[in-house]
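Trainee: Got a predicted structure plus its sequence, pasted below:
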Amino acid sequence: MAVDLNMNVMIVDDYKTMLRILRNLLKQLNFSNVDEATDGAQALEKLRAGNFGLVISDWNMEPMTGIQLLREVRADPKLKHIPFIMVTAESKSENVISAKEAGVSNYIVKPFNAETLKSKLVSVLGDF
């Protein structure tokens, strides 16, 4: 099945520069409908109100972290099907394990480029 490049993508990071980088990388990959949130709580509110096909979230945020957001998304019957990619600067194995246990679809370690992002997206969404 072809990936819908018009799907709504939620990007979540408390660092504005990272949001801009993610938005630009997604644009390079032809994703045009990108919404953003600066913390997990704001993202959750938008996710519940909208119709999203993908979440890309930073791990370290306040007051709600990316892992807390992931757990909330997976616990919500309306949202639990949404692919969720976690972005982090730390590649500690315990983080990877807890993200996997919480139901993460894939994991990106910073820094990364469009090629890395695309390969993660392909692994989660299929070819596009």
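Mentor: Structure received.

Trainee: what's T116 in contact with, if anything?
Mentor: Contacts for T116 were tallied using Cβ atoms under 8 Å, 6 or more residues apart in numbering; they are I108. C-beta: built from backbone N, CA, C; applies to glycine.

Trainee: meant to ask about M10
Mentor: Under the criterion of Cβ under 8 Å, 6+ apart, the neighbours of M10 are D35, E36, A37, A43, K46, L47, G50, F52, L54, V55, I56, S57.

Trainee: ok now do the closest residue to the third one other than its chain neighbours, which residues does it touch?
Mentor: Spelled out, it's A37. When the adjacent residues along the chain are set aside, A37 lies closest to A43, with 3.7 Å between them (Cβ to Cβ, 6 or more residues apart in numbering). By Cβ under 8 Å, 6+ apart, A43 lies in contact with M10, V12, A37, V55, S57, L69.

Trainee: 7 Å instead, please
Mentor: M10, V12, A37, S57, L69 (Cβ atoms under 7 Å, 6 or more residues apart in numbering).
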